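# coords below, sequence missing:
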């Protein structure tokens with residue numbers, strides 16, 4: 001029997017399509033996603049033109065992704081989803097350092113480096129020496145801890161944004177290991193704060209937000225809604 005769909009009934013009809021999903025958690029996620037997505041569409045009365053623009057935007061986000069650049073992660077950051085996810089599962093308490101976001105420029109295949117190494121690669125800039133120490137919640141040093149570090153250059157660009165200049169090599173990032181006193185240190189070039197990368201679809205939208213809402217909102221764009229830089 002044909003289903004008589006309406007703007008109100010279509011949501012339940014789509015949700016029923018997931019009832020046979022074996023993984024209960026996957027089923028729950030999709031059923032709730034459909035509910036919220038349909039409620040949003042009805043609430044704002046999404047138009048066909050707006051839907052096509054959204055699909056074009058998401059398509060361009062996907063085409064911008066590479067093995068060393070995740071534009072969808074950047075989109076998640078801009079929408080505040082990354083921060084929300086982190087806050088839900090890692091609210092932070094006591095003396096432990098707050099959790100933070102990996103962001104779109106984290107790379108799994110980063111090189112390892114000995115303490116004291118120069119990790120700047122072929123990037124020139126103002127010399128920088130960085131040292132830190134890893135302690136547990138009681139203040140005792142943590143030996144043998146892996147410390148990931150990655151940063152921008154003096155112009156606010158990361159290595160994955162300069163692949164032509166660096167001939168495909170990584171720079172200004174490394175995985176170090178703390179010594180017996182929990183210490184780590186390295187040399188590089190001084191980084192600079194950076195805006196949302198404007199060479200992709202997410203940067204286009206962020207630039208428009210800055211134009212429309214001024215410098216305060218632009219700063220929140222850059223720093224992950226004013227809480228944690230990515």
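Thanks, I have it. Keep in mind that this is a model prediction, so the values were computed, not measured. Numbers count the residues shown, from 1 in each chain.

# partner residues bridging residue 130?
Note on residue 130: beta-bridge partners residue 186, judged by DSSP bridges.

# residues of the longest helix that the chain contains that come out buried?
Looking across the chain with DSSP state H, the single longest helix is helix 24-44. For helix 24-44, burial by neighbour count (16 or more other Cβ atoms under 10 Å) applies to 30, 31, 34, 38. From N, CA and C alone the C-beta is placed, and that goes for glycine too.

# Mind putting those into CSV with pLDDT?
Converted to CSV, those look like this (pLDDT from 0 to 100):
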residue, pLDDT
30, 97
31, 97
34, 98
38, 98
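
# among these, which two are most distant?
30 and 38 (12.2 Å; Cβ to Cβ).

# So which residues of the chain form strands?
127-133, 146-150, 173-177, 183-189 (DSSP state E).

# Helices of the chain, residue ranges please.
10-16, 24-44, 48-64, 71-78, 81-89, 201-213, 215-223.

# among these, which is nearest residue 173?
That would be helix 71-78 among the helices of the chain, by Cβ to Cβ, at 16.2 Å.

# Averaged pLDDT, stretch 78-97. What do you get?
Per-residue pLDDT over stretch 78-97 has a mean of 85.

# If we go by neighbour counts, what in it is buried?
78, 82, 83, 86.

# picking that back up, quick one: the longest helix of the chain to helix 48-64, angle?
Interaxial angle, helix 24-44 versus helix 48-64 (axes from the mean of the first three to the mean of the last three Cα atoms, to 10 degrees): 140 degrees.

# Among the helices of the chain, which comes closest to residue 158?
Of those, the one closest to residue 158 (Cβ to Cβ) turns out to be helix 71-78, at 11.8 Å.

# State the distance from residue 15 to residue 113.
Using Cβ to Cβ, to the nearest Å, residue 15 is found at 51 Å from residue 113.

# Start and end of stretch 131-146, how far apart?
Stretch 131-146 has an end-to-end distance of 14 Å (Cα to Cα, to the nearest Å).

# To clarify, my last question referred to stretch 171-183.
Length of stretch 171-183, first residue to last, Cα to Cα: 22 Å.

# can you list the strands of the chain in CSV and add mean pLDDT, distance to residue 158 and mean neighbour count?
Listed next are the strands of the chain as CSV, based on pLDDT from 0 to 100; distance: least, Cβ to Cβ, whole Å; neighbours: other Cβ atoms under 10 Å:
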stretch, mean pLDDT, distance to residue 158, mean neighbour count
strand 127-133, 97, 15, 13
strand 146-150, 95, 7, 16
strand 173-177, 97, 8, 19
strand 183-189, 98, 12, 19
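
# So which of the ones you listed is nearest residue 11?
Taking the strands of the chain one by one with Cβ to Cβ, strand 146-150 is closest: 42.7 Å.

# The closest one pairs with which strands, parallel or anti?
Applying DSSP bridges, strand 146-150 is found paired with strand 173-177 (antiparallel).

# so how far is the strand it pairs with off the chain centroid?
Centroid separation for strand 173-177 versus its chain: 20 Å, with Cα atoms, centre = their mean, to the nearest Å.

# same deal with stretch 98-112?
9 Å.

# again with stretch 183-199
Offset of stretch 183-199 from its chain centre (Cα atoms, centre = their mean): 16 Å.
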